[in-house]
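Colleague: pasted the sequence and its predicted model underneath.
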Amino acid sequence: MKYRAIIFDLDGVICHTDRYHYLAWKQLADKLGIYFDEQINHRLRGVSRMDSLNIILERYKGKPLSEDEKENLASYKNDIYKKYLLKMSPEDLSKEVSDTLCYLRNLGLEFAIGSSSKNARLILKQIGLGDYFDAISDGNNIRYSKPNPEVFLKAADYLGRRVSECLVVEDAKAGVDAAHNAGFDSAGIGEAADYPLTTYQLNKFSDLINVF
Ligand code: BG6
Ligand code: MG
């Protein structure tokens with residue numbers, strides 16, 4: 001087998017929290033009188049919380065904000081977002097994802113999470129995968145967000161695997177760029193499915209089985 005491990009992005013791959021990010025950012029944008037729509041929201045995929053805020057603030061017409069004010073705005077958004085996360089349950093893990101993970105696990109593959117989110121562990125716990133992955137690399141252990149490959153390099157390191165032994169699964173172009181920048185092969189799904197830098201294109205999560 002070419003790969004010994006799979007590094008999964010979380011939001012948009014294992015589960016779908018994208019809508020909650022959108023609703024929470026939308027609430028913040030409305031409060032600040034900033035135009036924000038689903039199209040702009042696509043630009044936030046895979047991008048860290050503060051980088052996402054800076055993208056939203058590109059349309060801000062008010063006086064320049066201090067770093068402290070920006071931190072407060074990011075916390076305001078995160079508080080709203082977390083209320084949605086706390087309503088998630090194992091029912092938010094689809095049967096397709098669950099069955100596919102089971103199948104791949106039975107092939108002896110190791111699994112890691114490589115997510116920009118600082119809420120990754122909370123999300124995994126909510127959907128019943130709290131102890132499932134062999135390693136978790138997330139927004140809490142990185143300095144640089146995707147497209148920087150740090151989050152995936154740390155994931156491979158936590159597993160004790162070389163880059164060439166790992167396949168990255170991503171729905172964000174920034175995430176595919178991150179994988180590519182470090183020399184990882186990647187499988188793109190959703191928004192990233194037709195992105196030319198992906199090694200494999202997945203129409204649906206269970207297509208991952210065909211890669212192995
Ligand atoms: C990524 C999402 O997984 O996590 C981004 O795709 C999000 O949209 C980023 O901005 C950071 O998330 P959090 O939970 O740390 O605010
Ligand atoms: Mg994602």
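Modeller: Now that the structure is in, tell me what you want to look at. Ligands and ions are numbered 1, 2, ... in the order given.
Colleague: please confirm that Lys118 is located within a helix.
Modeller: No - read with DSSP: H, G, I helix; E, B strand; the rest coil, Lys118 is coil and lies in no helix.
Colleague: okay, it: pLDDT?
Modeller: In the predicted model, Lys118 carries a pLDDT score of 97.
Colleague: quick check: which element contains the residue nearest to it when sequence neighbours are not counted?
Modeller: Nearest non-adjacent residue to Lys118, counting by C-beta to C-beta, 6 or more residues apart in numbering: Gly139, 3.8 Å away. In this view, the C-beta of every residue, glycine as well, is placed from N, C-alpha and C. In this structure, Gly139 sits in neither a helix nor a strand according to DSSP states H and E.
Colleague: so what's the residue count around Gly139?
Modeller: Gly139 has 16 neighbouring residues, counting by other C-beta atoms under 10 Å.
Colleague: my read is that it contacts Ser115, right?
Modeller: Yes - judged on C-beta atoms under 8 Å, Gly139 makes contact with Ser115 at a distance of 6.9 Å.
Colleague: now do the same contact list for Ser66.
Modeller: Applying C-beta atoms under 8 Å, 6 or more residues apart in numbering, we find Ser66 in contact with no residue.
Colleague: can you name the residue of the chain nearest ligand 2?
Modeller: Distance from ligand 2 to each residue of the chain (C-beta to the ion) is smallest for Gly12, at 3.5 Å.
Colleague: now do the contacts for that residue.
Modeller: Asp18, Arg45, Asp171, Ala172, Ile189, Gly190, Glu191 are the contacts of Gly12 under C-beta under 8 Å, 6+ apart.
Colleague: domains of the protein?
Modeller: Structurally, the chain divides into domains by automatic domain parsing as follows: 5-15+91-211, 18-85.
Colleague: the longest helix along the chain: what's the following helix or strand?
Modeller: When the chain is parsed with DSSP state H, its longest helix is helix 67-85. Later in the chain than helix 67-85, the nearest helix or strand by DSSP H and E is helix 95-106.
Colleague: the next helix or strand after that next one near ligand 2 at all?
Modeller: Sequence order places strand 110-114 as the next helix or strand after helix 95-106, per DSSP H and E. No - residues of strand 110-114 contacting ligand 2 under C-beta under 5 Å from the ion: none, with a closest distance of 9.8 Å.
Colleague: run through who's touching the helix or strand following strand 110-114.
Modeller: Going down the chain from strand 110-114, the next helix or strand is helix 120-126, by DSSP H and E. Helix 120-126 has contacts (C-beta under 8 Å, 6+ apart) with 10-11, 15, 17, 82, 85-86, 88-89, 92, 113, 117, 130, 132-133, 136, 138-140.
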